[in-house]
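[1] compute the structure for the input listed below.
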Amino acid sequence: MDIQVGGLLGLLILAADIWAIINIFQSSSPNLNKLLWILLVLLLPVVGLIIWFFIGPRGGKV
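    Residues are numbered from 1 along each chain as shown. Modelled structure (predicted):
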């Protein structure tokens with residue numbers, strides 16, 4: 001049962017990271033900022049996602 005819960009949680013985190021990366025690509029931020037945000041989300045999937053959600057680019061701002 002633990003493996004199933006862990007697998008489901010992993011899939012949810014992966015889906016959220018992919019969603020975040022797509023949103024980062026679509027933002028109007030400079031390319032360097034996009035690259036840094038994507039690296040943060042890829043290297044620290046959970047923490048990077050949380051940081052991006054709260055302080056990431058909103059409407060073109062970084």
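[2] ranges for the strands of this structure?
    Assigned by DSSP state E, the chain shows no strands.
[3] what about the longest helix in it?
    helix 2-26 (DSSP state H).
[4] buried residues in that one?
    16-17, 20-21, 24 (16 or more other Cβ atoms under 10 Å). The way it works is simple: take the backbone N, C-alpha and C, and place the C-beta from them, glycine included.
[5] and stretch 37-51, by the same measure?
    Those would be 37-38, 40-41, 45, 48-49, for stretch 37-51 by 16+ other Cβ under 10 Å.
[6] now those in JSON lines, with pLDDT and distance to Gly6?
    As requested, the buried residues of stretch 37-51 are exported to JSON lines (pLDDT from 0 to 100; distance: Cβ to Cβ, whole Å):
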{"residue": "Trp37", "pLDDT": "95", "distance to Gly6": "27"}
{"residue": "Ile38", "pLDDT": "95", "distance to Gly6": "25"}
{"residue": "Leu40", "pLDDT": "96", "distance to Gly6": "23"}
{"residue": "Val41", "pLDDT": "96", "distance to Gly6": "20"}
{"residue": "Pro45", "pLDDT": "94", "distance to Gly6": "14"}
{"residue": "Gly48", "pLDDT": "93", "distance to Gly6": "20"}
{"residue": "Leu49", "pLDDT": "92", "distance to Gly6": "17"}
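[7] got those as a markdown table, with distance to Gly10 columns?
    As requested, those are arranged in a markdown table below (distance: Cβ to Cβ, whole Å):
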| residue | distance to Gly10 |
| --- | --- |
| Trp37 | 22 |
| Ile38 | 20 |
| Leu40 | 19 |
| Val41 | 15 |
| Pro45 | 9 |
| Gly48 | 15 |
| Leu49 | 13 |
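[8] quick check, nearest of those to Leu11?
    Pro45 (12.0 Å; Cβ to Cβ).
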